[in-house]
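[1] With the sequence up front, the predicted model follows.
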Amino acid sequence: MILRLVPLWAVFLIPLAFWAPFEDAFKLPQSVLAVGFGLFLVLNWLNRPKTPRNIIAIPVLVFSASLFISSVCSGMFRVSDLTVFLSLSIGSIFLAVNQSSGRKIVSALILAGTISSLYSILQFTGLDLIPSPGTGAGLRPFSTMGNPDFLAAFLIGVLPLALIGFPRAGVLVKVVPVGSMFLALLLTQSRGAWLGMMAGLVSFPVLMKMIGITPRFSRKIAGGGLAILAIGLGFFYFNGQARERLAQTFNTGHFDAAGRLFMWKAGMGMIRENPVIGTGIGGFGRAYPVWHARGMANNPAFQWFYTENTHNDYLQIPAEMGLPLFGLLIWIWVIFICKALQMIRSGDRMALGILIGFISLQVDAVFNFPWYIIPTLAWFWIMLAVLAGKTEVITNEESILKKGLPGDIFRKGMALIVGLAVTFILLRNVQSNAWLKLSGDYLAVGRNQEARSCAAIALDRWGIWEAKSRAANNASLASYAMDDFISAEKYSILSLSFAPDMPASISQLALSRARLGRIGEAEKDCRDALALNPRQAEAWHVLGNLAYMRKDLKGALKAWERAFAENPSIPGLRQNLEVLRRGGKGKRG
């Protein structure tokens with residue numbers, strides 16, 4: 001019973017675990033839940049005398065092993081991204097599901113999508129009982145996902161399952177999930193998801209012929225499609241924000257479209273520079289500041305922004321994994337499609353819903369990054385396991401009842417050892433994340449000593465899903481606020497050892513060195529930060545301070561004016577400018 005319930009609870013909770021109250025209450029980030037789910041499946045397999053035959057095992061294992069090797073060779077991969085990807089991909093091999101459990105897993109996905117959709121509708125109406133930053137009446141809701149596009153990506157994968165997967169379900173059972181998900185998709189205003197949903201609708205008639213839908217059912221679907229179209233047109237007619245977002249989509253004069261083109265160029269540049277092993281999974285964000293600096297050299301007026309995604313998975317996946325691994329992933333996609341088509345031809349409507357969801361997500365991947373969102377990533381690997389489980393016959397069940405076999409004892413021993421080791425590692429990581437969050441909370445209210453202590457404890461744990469650079473940077477900020485500039489410098493250097501190309505961290509190092517009287521090193525740090533981001537206000541501010549210390553008032557004025565143009569809210573900056581404009585008379589801020 002427990003072995004059956006754990007996958008259902010994991011499938012249900014993974015989409016909901018982005019919710020800030022969930023993380024704050026349980027200190028359990030979504031990545032840990034996904035990793036725990038994958039490890040549970042593997043450990044469950046270790047406790048079996050024989051492995052079930054499975055058509056997806058070889059391609060998934062080849063892909064996973066290649067991903068691990070290329071990521072380690074790249075040297076820039078993010079441990080959390082690699083761990084989640086491997087846990088879900090390898091876990092799919094061991095999620096051997098028959099048709100009954102497959103239906104239960106799909107039902108858990110639909111339930112999670114319905115709850116998340118209903119909550120997003122509450123957010124849009126302003127009735128959110130636990131409001132999060134960025135939510136409010138009339139604003140794009142993101143429910144439990146942390147971002148409207150994340151929610152939309154998950155919903156376009158689940159909505160076809162709710163609409164098609166259970167033909168015998170009652171009207172009420174279908175109306176609530178389908179209606180709430182469709183309304184939530186409209187409210188998110190995710191253009192990539194809308195295009196994906198349209199692609200799914202276009203592919204639907206072709207796939208209906210394969211499954212032999214009856215004319216009566218076809219008329220129902222056609223009527224439902226017209227109703228959806230009417231609701232969608234009405235939404236765009238009355239919602240000015242939605243019309244504006246559509247207009248910005250192809251307007252390269254607007255930052256929305258121009259920023260995407262900028263990110264796509266950076267992704268293509270990374271592919272050209274390292275086509276074989278890429279930057280390592282999760283490495284795009286670490287390599288991006290350098291590529292952004294190269295782009296700004298040609299267009300200095302372009303707005304600085306940091307991103308961890310290209311907003312095009314067909315560029316980011318080969319940029320991070322390399323072209324050979326991208327080919328292996330396409331191989332798995334083809335297996336997914338073939339398995340779905342095989343089941344559709346046999347009359348399986350659940351497989352029809354799965355394939356339409358897959359098509360919708362692949363179109364969304366042109367404009368967003370569903371392959372880097374844990375709920376949609378989990379959706380794919382779980383649906384692959386469901387499709388494989390529908391056609392594979394699991395044998396040797398009787399051997400499970402045999403006792404005392406040497407192989408059985410060995411597997412149970414291995415399961416116990418691995419389980420204890422994994423439990424210990426996960427506990428250390430949960431502790432790291434809890435202390436890191438506490439450090440940030442203390443820093444925000446000026447309790448700097450506590451903030452630094454908590455950050456130091458977080459550094460002592462193994463924080464694989466939160467870059468250790470954040471903990472070190474928190475410790476540096478707290479030390480600087482306490483005028484402990486030696487410790488501030490030490491922690492800044494440590495932070496940069498984990499993420500060497502972050503302009504804000506380099507500027508923080510410059511501040512510490514300037515206070516220690518090492519003017520030359522501080523100035524070099526500022527120049528390094530500005531080489532990555534010419535619009536880094538803090539670096540300009542420090543450069544102005546250094547020029548003032550050298551009695552170079554013109555240089556100080558120029559640097560401070562540039563800092564003020566980028567960020568007028570820097571403490572003391574306005575007062576410094578007023579002093580210089582009065583000829584240096586008065587007290588600096």
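    Sure thing, it's come through. Computed from a predicted model, the values in this text were never measured in an experiment.
[2] So for residue 373, what's the nearest residue that isn't a sequence neighbour?
    residue 150 (5.1 Å; C-beta to C-beta, 6 or more residues apart in numbering). Yep, even glycine has a C-beta here, placed from its N, CA and C like the rest.
[3] Going along the chain, name the helices of the stretch 201-350 of the chain.
    215-238, 240-248, 255-273, 284-298, 313-321, 323-345, 349-364 (DSSP state H, counting those that start in this stretch).
[4] Where does pLDDT dip in the stretch 301-450 of the chain?
    Scanning the stretch 301-450 of the chain for pLDDT under 70 picks out 301-304, 390-431.
[5] Average pLDDT for the helix or strand harbouring residue 490, rounded please.
    Residue 490 is part of helix 485-498, with elements assigned from DSSP states H and E. Here helix 485-498 scores 88 as its mean pLDDT.
[6] helices and strands around it, which ones?
    helix 448-460, helix 468-481, helix 503-515 (3 or more C-beta pairs under 8 Å, 6 or more residues apart in numbering; DSSP states H and E).
[7] For residue 180, which of those helices is the nearest?
    Taking C-beta to C-beta, helix 468-481 is the member of the helices and strands packed on helix 485-498 nearest to residue 180, at 35.7 Å.
[8] what angle sits between that closest one and helix 284-298?
    Orientation note: helix 468-481 sits at an angle of 70 degrees relative to helix 284-298 (axes from the mean of the first three to the mean of the last three C-alpha atoms, to 10 degrees).
[9] Quick one: mean pLDDT for helix 468-481?
    88.
[10] And the next helix or strand past the helix or strand encompassing residue 117?
    Per DSSP H and E: residue 117 is located in helix 99-125. Going down the chain from helix 99-125, the next helix or strand is helix 148-164, by DSSP H and E.
[11] could I get that following helix in PDB with only the CA atoms?
    This file holds the C-alpha atoms of helix 148-164, laid out as PDB (Å, rounded to 0.1, in the frame of the first residue of the first chain):
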ATOM      1  CA  PRO A 148       2.500  32.700 -14.500                       C
ATOM      2  CA  ASP A 149       4.400  30.900 -17.300                       C
ATOM      3  CA  PHE A 150       5.300  28.000 -15.000                       C
ATOM      4  CA  LEU A 151       1.600  27.500 -14.200                       C
ATOM      5  CA  ALA A 152       0.600  27.800 -17.800                       C
ATOM      6  CA  ALA A 153       3.200  25.200 -19.000                       C
ATOM      7  CA  PHE A 154       2.000  22.700 -16.400                       C
ATOM      8  CA  LEU A 155      -1.700  23.300 -17.300                       C
ATOM      9  CA  ILE A 156      -1.300  22.800 -21.100                       C
ATOM     10  CA  GLY A 157       0.200  19.300 -20.300                       C
ATOM     11  CA  VAL A 158      -2.600  18.400 -17.900                       C
ATOM     12  CA  LEU A 159      -5.700  20.000 -19.500                       C
ATOM     13  CA  PRO A 160      -5.900  17.500 -22.500                       C
ATOM     14  CA  LEU A 161      -5.800  14.600 -19.900                       C
ATOM     15  CA  ALA A 162      -8.800  16.100 -18.100                       C
ATOM     16  CA  LEU A 163     -10.700  16.800 -21.300                       C
ATOM     17  CA  ILE A 164     -10.000  13.500 -23.100                       C
END
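[12] what packs against it?
    By 3+ C-beta pairs under 8 Å, 6+ apart, helix 148-164 packs against helix 99-125, helix 171-188, helix 191-211, helix 349-364, helix 374-391.
[13] Which among the helices of the stretch 201-350 of the chain is found nearest to residue 510?
    Judged by C-beta to C-beta, the one of the helices of the stretch 201-350 of the chain that comes nearest to residue 510 is helix 284-298, at 16.0 Å.
[14] what sits up against that closest one?
    By C-beta atoms under 8 Å, 6 or more residues apart in numbering, the residues outside helix 284-298 that reach it are 76, 78, 262, 265-267, 269-270, 279, 302, 304-310, 316, 319-320, 499, 501-503, 531-534.
[15] Let's see that with 6 Å instead.
    Residues outside helix 284-298 that contact it (C-beta atoms under 6 Å, 6 or more residues apart in numbering): 76, 262, 266, 269, 279, 302, 308, 316, 319-320, 501, 531-532, 534.
[16] list the buried ones in it?
    284-289, 291-293, 296 (16 or more other C-beta atoms under 10 Å).
[17] Let me have the helices and strands packed on helix 148-164 in a markdown table, extended by mean neighbour count and distance to residue 439.
    Output for the helices and strands packed on helix 148-164, formatted as a markdown table (neighbours: other C-beta atoms under 10 Å; distance: least, C-beta to C-beta, whole Å):
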| stretch | mean neighbour count | distance to residue 439 |
| --- | --- | --- |
| helix 99-125 | 20 | 29 |
| helix 171-188 | 19 | 32 |
| helix 191-211 | 19 | 35 |
| helix 349-364 | 26 | 36 |
| helix 374-391 | 24 | 24 |
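[18] Distance to residue 562 added to these, as TSV?
    What follows is these, written out as TSV (distance: least, C-beta to C-beta, whole Å):
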stretch	distance to residue 562
helix 99-125	39
helix 171-188	38
helix 191-211	35
helix 349-364	40
helix 374-391	40
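[19] Ok, which of these comes nearest residue 256?
    Of the helices and strands packed on helix 148-164, nearest to residue 256 by C-beta to C-beta is helix 191-211, at 9.4 Å.
[20] Which strands or helices does the closest one pack on?
    helix 148-164, helix 323-345, helix 349-364 (3 or more C-beta pairs under 6 Å, 6 or more residues apart in numbering; DSSP states H and E).
[21] winner for burial among these?
    helix 148-164 (a mean of 28; mean count of other C-beta atoms under 10 Å).
[22] and the angle for that helix with helix 374-391?
    30 degrees.
[23] Just the buried positions in the helix holding residue 490, please.
    485, 487-492, 494-496, 498.
[24] quick revisit: go through the helices and strands packed on helix 191-211 and name the closest to residue 553.
    helix 148-164 (48.0 Å).
[25] Average pLDDT for the closest one, rounded please.
    Helix 148-164 comes out at a mean pLDDT of 89.
[26] Go ahead and name everything in contact with it.
    Looking at what lies outside helix 148-164 - C-beta under 6 Å, 6+ apart - the contacts are 15, 106, 109-110, 113, 140, 142-143, 145, 177-178, 181, 185, 188, 190, 193, 196-197, 349, 352-353, 356-357, 360-361, 364, 368, 370, 373, 375-376, 379.
[27] Now residue 511. Nearest residue, chain neighbours left out?
    The nearest residue in space to residue 511 (C-beta to C-beta, 6+ apart) is residue 542, at 5.7 Å.
[28] now residue 568
    residue 574 (6.8 Å).
[29] Can you tell me the SS state at that neighbour?
    Three-state call for residue 574 (DSSP: H, G, I helix; E, B strand; the rest coil): helix.
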